[in-house]
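[1] let me see the structure of the following:
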Amino acid sequence: MFEAIAGYGLGGSSVALFGRVGGGIYTKAADVGADLSGKNDYGLEEDDYRNPACIADNVGDNVGDIAGMGADLFGSFAEATCAALVLAAACPDLKDSWASLMYPLLITSTGIVVGIITLLVQSVMFPVKEPASVEKALKGILVISTVLMTPVAILLSKWCLPEVFKMDEKLTEVKWWYCAISILLGLWSGLVIGYVTEYYTSSTYMPVREIAETQKQSAATGIIYGLALGYLSCIVPVLCLGVTILCAHSLCGMFGVALGALGMLGTMTMGLTIDAYGPISDNAGGIAEMAHLPETVRELTDCLDAAGNTTAAIGKGFAIGSAALVSLALFGAFCVRAHITHVDILNPWVFTGLLFGAMMPYAFAAWTMKSVGKAADEMYQECMRQFPKIMGPEQMAPDYERCIRISTEASLREMLAPGALVILSPLVAGFGFGKNACAGLLSGALVSSVQLAISMSNTGGAWDNSKKYISAGGLGKGFLKGSEAHKNSVTGDTVGDPLKDTSGPALNIVMKLTAIISLVFGSAIANYSNEEGGPFWLN
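    Okay, the predicted model is just below:
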């Protein structure tokens, strides 16, 4: 039965690979290509209907930010549930109790009910009466859902679990409220990570305004400050994850870590809601621009879009944090399936696997960024081929379909190398070099991916919002659109696009897919290892 559950998790993560990586390449190829040709060369607005790439750009928002995020969080949801079920089934005191086995499923499913109640409460607590209250209402959704989920998690733990049980013979006794604490740690850590992400990416706060100030001098200084901001933004999320993992593991072992992941995903319905809001408002603004609707309409959609940018960044932080916890929980389940009692870093096979695992996210990020660059160049060349006829005396209609085809073909073609890296690496490590090397690979990939994903996503988000801050007159009337500062911010935004929407979020898949593949093939990998966990060919 649990082989089937592990297979279900693998299916969810495989679809997320297509959604996140393929969708990310699609949307950013169109976005960067449209910006380079339309904005830089012809001075057109972002969604001007004369730009051949504008339709591909708007479609791309849905492909990358809605389908991609949905597939990513669904994969996390499926895998966290899978890890918790596998670990619960390995516990002698839980496996014979139906209510205890259903406990992980009940935690995630009650999140839907909490989400419905949250939407009813939100309209009363955070009514939207002016543009400034949009962002507050969206952030309020996360707070309300977290507060409502807290008593639900405690009551479910009390009802489903025995008063006292043992996860295995070696562990001390686990009380039901230990599990409740593990879930609450994940739940509240998710909220903290979301707010820290907002602090580093919203133009309301100092970090983004600091980047905007540096862009008065040059694009280079803005890029230097943006990179520094991304690295600094890793500190608090990593502390939150560390505290959650330490406390949950101390209380309930790896089962506690899996419950922490489920807790962070307990408000997934609201996370998806606020993340989908961004692309919807962005597309509404695009339609207003293309249809030449009155300026008041565009002002309203810009207001919605600005709030959507911040909430999208919160959603990305949420997704990265949950992916890290899910990956560690799956690693624990893999150790159970492969009969690994401890992972010794002094073992040369483990350490070699660790080094290769730490390298994987960098290779993956490099390939996805190059893919966006190549696809954007194709899009740029196509736009530049069409522009003389569109802007000239012929006034030819733009060939939108050709640009959509370029993005589609590029996203499918360029996904092969990163996908093969993630899928084949754990199999080669496990079957070729033993279960210890595979365990090292998973550890390295997880630790490296978390830092890189957070820094990339927040750096790109900060550059994007510094551009919007300058456009809205944040630096004063002398630095509006067309000024040198604004041009510098456009450069930063263009560089940041593949970081925040392709490479950064796609690293979630590196963490999860390597771990779930190892879990599915865990028993076979153990059979292809010698008695010490090394390669079978070395006895």
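[2] what's the local residue count around residue 292?
    The number of residues packed near residue 292 is 11, by other C-beta atoms under 10 Å. (Each C-beta comes from the backbone N, C-alpha and C, glycine too.)
[3] and it, helix, strand or coil?
    Following DSSP: H, G, I helix; E, B strand; the rest coil, the label given to residue 292 is coil.
[4] which residue of the protein sits farthest from its center?
    Computed with C-alpha atoms, centre = their mean, the residue of the chain farthest from its C-alpha average is residue 393, at 45.9 Å.
[5] what are the boundaries of the helices in the stretch 301-450 of the chain?
    Along the stretch 301-450 of the chain, the segments classed as helices by DSSP state H, counting those that start in this stretch run 348-391, 400-414, 416-433, 435-471.
[6] and of those helices, who's closest to residue 271?
    Shortest distance between residue 271 and the helices of the stretch 301-450 of the chain, using C-beta to C-beta, is found for helix 435-471: 14.3 Å.
[7] if you average the pLDDT over the closest one, what comes out?
    Per-residue pLDDT values over helix 435-471 give a mean of 92.
[8] ok, now stretch 247-256?
    88.
[9] now that stretch: how far from the chain's centre is it?
    24 Å (C-alpha atoms, centre = their mean, to the nearest Å).
[10] shaky segments in the stretch 51-200 of the chain?
    Along the stretch 51-200 of the chain, segments meeting pLDDT under 70 span 168-171.
[11] all strands of it, in order?
    Assigned by DSSP state E, counting those that start in this stretch, the strands in the stretch 51-200 of the chain fall at 164-165, 174-175.
[12] and the last one, how far out from the chain's middle?
    Think strand 174-175. Its chain's C-alpha centre and that of strand 174-175 lie 33 Å apart, by C-alpha atoms, centre = their mean.
[13] partner strands of that strand and their direction?
    Strand 174-175 sits in its sheet next to strand 164-165 (antiparallel), going by DSSP bridges.
[14] what does the strand it pairs with rub up against?
    91, 93-94, 100, 173-176 (C-beta atoms under 8 Å, 6 or more residues apart in numbering).
[15] tell me which two of the residues you listed sit farthest apart.
    100 and 173 (15.0 Å).
[16] the two: which has the busier surroundings?
    Using other C-beta under 10 Å as the criterion, residue 100 and residue 173 rank with residue 100 on top: 20 against 11.
[17] mind listing what that one touches?
    88, 94, 160-162, 165.
[18] residue 509: which of the helices of the stretch 301-450 of the chain is closest?
    Per C-beta to C-beta, nearest to residue 509 of the helices of the stretch 301-450 of the chain: helix 416-433, 6.4 Å.
[19] what separates that closest one from the chain centre, distance-wise?
    Relative to its chain's centre, helix 416-433 lies at 22 Å (C-alpha atoms, centre = their mean).
[20] next, count neighbours for residue 421.
    With other C-beta under 10 Å as criterion, residue 421 counts 16.
[21] what residues are up against it?
    So residue 421 contacts 360, 363-364, 367 (C-beta under 8 Å, 6+ apart).
[22] what does residue 153 give?
    By C-beta under 8 Å, 6+ apart, the contact set of residue 153 is 107, 180, 183-184, 187, 263, 266.
[23] identify the farthest-apart pair in those.
    Maximum distance among those (C-beta to C-beta): 12.0 Å, for 180 and 266.
[24] who has more neighbours out of the two?
    Comparing residue 180 with residue 266 by neighbour count (other C-beta under 10 Å), the higher total belongs to residue 266, at 29 against 21.
[25] helix/strand/coil for the more buried one?
    The three-state assignment at residue 266 reads coil, by three-state DSSP.
[26] separation between it and residue 59?
    The gap separating residue 266 from residue 59 is 32 Å, by C-beta to C-beta, to the nearest Å.
[27] burial measure for residue 65, as a count.
    Residue 65: 26 surrounding residues under other C-beta under 10 Å.
[28] equivalent analysis for the one 5 residues further on, please.
    Look at residue 70: counted by other C-beta under 10 Å, it has 17 neighbours.
[29] wait, it sits on residue 19?
    Yes: between residue 70 and residue 19 there is a contact under C-beta atoms under 8 Å: 7.1 Å.
[30] mind listing what the residue lying closest to residue 433 once chain neighbours are set aside touches?
    Nearest residue to residue 433 in three dimensions, chain neighbours excluded: residue 535, at 4.8 Å (C-beta to C-beta, 6 or more residues apart in numbering). Residues near residue 535 by C-beta under 8 Å, 6+ apart: 349, 432-434, 437, 528-529.
[31] assumed residue 50 was part of a helix.
    No: read with three-state DSSP, residue 50 is coil and lies in no helix.
[32] any idea how far residue 30 is from it?
    Taking C-beta to C-beta, one finds residue 50 at 15 Å from residue 30.
[33] more neighbours: the two, which one.
    Neighbour count, other C-beta under 10 Å: between residue 50 and residue 30, residue 30 has more, with 31 against 18.
[34] you'd agree residue 438 is up against residue 428?
    No: the criterion here is C-beta under 8 Å, and residue 438 misses it with residue 428 at 9.2 Å.
[35] between the two, which one's more packed in?
    The residue with more neighbours, out of residue 438 and residue 428, is residue 438; 35 against 14, by other C-beta under 10 Å.
[36] residues touching the closest residue to that one other than its chain neighbours, list them.
    Nearest non-adjacent residue to residue 438, counting by C-beta to C-beta, 6+ apart: residue 430, 3.8 Å away. Taking C-beta under 8 Å, 6+ apart, we find residue 430 in contact with 437-438, 518, 521, 524-525, 528-529.
[37] count the neighbours of residue 526 for me.
    18.
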